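Visitor: Got a predicted structure plus its sequence, pasted below:
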Amino acid sequence: MPQVALSTMIAASPPCWQPPGLSASKQNLFRLQGNDNLRALDVRITYFEAANSQEMMRPLKRLLMSCPNLGRLKLVIAYPSGGCVVEGPSRQYYGLGFQDGERLPSLEELAPTTYPFGDERRTEGYPEKGTEIHYWASNMDWSLLFCSPKLVALEVFDHYDDDWYPEAIQSFYLHVPAALRSISTTTLKTVTLEGIIRHADTLEELRIHQAEAEAHQPSWESGAVDLASLKRIQQECRKIATLTLDVPRSGGWPYAAFDVLASFPALRELEIWFDIGLCDADRPVKPYVTISAARHIFEYLLSGRPSGSSQLQTVTLHSDAPYWPESGWLQSPESYWAHYNSTLFHCRISELDDEAILGLFSVECPKVAAAEKRQKV
């Protein structure tokens, strides 16, 4: 008899949305337990509270632990996000609750698109110590997983929330094989200096940027890469070609930082974010980022390039803070002020070889170009 490879999806809604009795979804969870032919499973569960969540999660956990040939798993375990629901999920634990060495089968693909990872400090009812992410990382068999932290081919890792599981993120950079080509994060403390240096032989793109509205001064400044760390990155990470950083001004142009940035030997694209002074609209941060300032900074960076180097081609300068006019949230006066006083400039070496040799370049302001276009309409 030929072997059958079974792929299925199981979806479940809160009890108040279902007819009385044992739901078909729950019945299927029981029926599939111990099935050697199950190869792929897509699970989508919506919950209101821990009690109705666990009615599905307990049999799902037994299913996952009893199907040894399961290779692909997608999890969407979520609180309702639309309709008449106005309250967010509680601090109760809604997950699978693996403990004491329990584990998933060795997966080839895992997509926890939405999953309520537990945390001993933040989640009531999570059965293990520390965080569930730590437990999964330490106890699951990731040897076949395409996106495993143990996979030597992993090249790109982006992370933009350093408030959740910071120890796990720092540990990831320190223990993933030293082959990352691109790192994107919010602050240096998220990845740590040593976490960057470990990938020096392969690192080509580095982005460390947090929006000023998320931090304000002085915490925005403290999150920026300090001069000593920047020098270390320049000395060790010789292949960086694309670099994005927050650079505080502190009353004057940070020429010491500019000197280090100009000396990156392979750098072709540089993006600098200056603070705008969102915490005090009456005293915006100086010196101002104007078109003449952009020209001055670009010329300074070009003059500081290593002898014989022609790598640096573009520099983008921001003095900005985020603004979401269509988000539906009430906007503070400061956010409107930042929007209308923000600046953005693109500085580019001429694409013509004879002009590039002469050091000719252009400085463009997208906001001015957009305003001129509106006037012509």
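Guide: Thanks, I have it.
Visitor: Now do stretch 264-281, average pLDDT.
Guide: Averaged across stretch 264-281, the pLDDT comes to 88.
Visitor: Work out the gap between it and the centre of the chain.
Guide: Counting by C-alpha atoms, centre = their mean, to the nearest Å, stretch 264-281 is centred 18 Å from the centre of its parent chain.
Visitor: do the same with stretch 199-216
Guide: Relative to its parent chain, stretch 199-216 has a centroid offset of 10 Å by C-alpha atoms, centre = their mean.
Visitor: do you know how far the nearest residue to residue 109 once chain neighbours are set aside is from residue 39?
Guide: Nearest non-adjacent residue to residue 109, counting by C-beta to C-beta, 6 or more residues apart in numbering: residue 72, 4.3 Å away. The way it works is simple: take the backbone N, C-alpha and C, and place the C-beta from them, glycine included. Using C-beta to C-beta, to the nearest Å, one gets 7 Å for the distance from residue 72 to residue 39.
Visitor: With residue 107 instead?
Guide: If you go by C-beta to C-beta, the gap between residue 107 and residue 39 works out to 11 Å.
Visitor: Which neighbours do those two have in common?
Guide: 70-72 (C-beta atoms under 8 Å, 6 or more residues apart in numbering).
Visitor: Which strands border the lengthiest strand in the chain, and is each parallel or antiparallel?
Guide: Longest strand of the chain, by residue count under DSSP state E: strand 38-46. Sheet pairing of strand 38-46 (DSSP bridges) gives strand 6-12 (parallel), strand 72-78 (parallel).
Visitor: ok, how many other residues are close to the residue nearest to residue 109?
Guide: 15 (other C-beta atoms under 10 Å).
Visitor: go on, residue 181?
Guide: Residue 181, neighbours per other C-beta under 10 Å, totals 14.
Visitor: My read is that it contacts residue 205, right?
Guide: Yes: in terms of C-beta atoms under 8 Å, residue 181 counts as a neighbour of residue 205; the distance is 6.7 Å.
Visitor: re earlier: distance from the longest strand of the chain to the middle of the chain?
Guide: Using C-alpha atoms, centre = their mean, the offset of strand 38-46 from its chain centre is 26 Å.
Visitor: Give the next helix or strand downstream of that strand.
Guide: For strand 38-46, the succeeding helix or strand toward the C-terminus, using DSSP states H and E, is helix 50-66.
Visitor: about what we covered before: can you flag the weakest of the strands paired with strand 38-46 by average pLDDT?
Guide: Across the strands paired with strand 38-46, strand 6-12 has the smallest mean pLDDT, namely a mean of 61.
Visitor: right, and the helix or strand after it?
Guide: Next along the chain after strand 6-12, taking DSSP H and E as the criterion, comes helix 24-32.
Visitor: That following helix - what's its average pLDDT?
Guide: Average pLDDT, helix 24-32: 82.
Visitor: Would you mind giving the orientation angle of that helix with respect to helix 50-66?
Guide: Computed by axes from the mean of the first three to the mean of the last three C-alpha atoms, to 10 degrees, the angle separating helix 24-32 from helix 50-66 equals 30 degrees.
Visitor: Give the buried residues for helix 24-32.
Guide: For helix 24-32, a neighbour-count test (16 or more other C-beta atoms under 10 Å) marks 25-26, 28-29, 32 as buried.
Visitor: Can you name every helix or strand that it contacts?
Guide: Where contact means 3 or more C-beta pairs under 8 Å, 6 or more residues apart in numbering; DSSP states H and E, helix 24-32 is packed against strand 6-12, helix 50-66.
Visitor: Roughly how far does the residue nearest to residue 30 when sequence neighbours are not counted sit from residue 294?
Guide: Of all residues not flanking residue 30 in the chain, residue 59 sits nearest, at 5.7 Å (C-beta to C-beta, 6+ apart). Remark: distance between residue 59 and residue 294 (C-beta to C-beta) = 61 Å.
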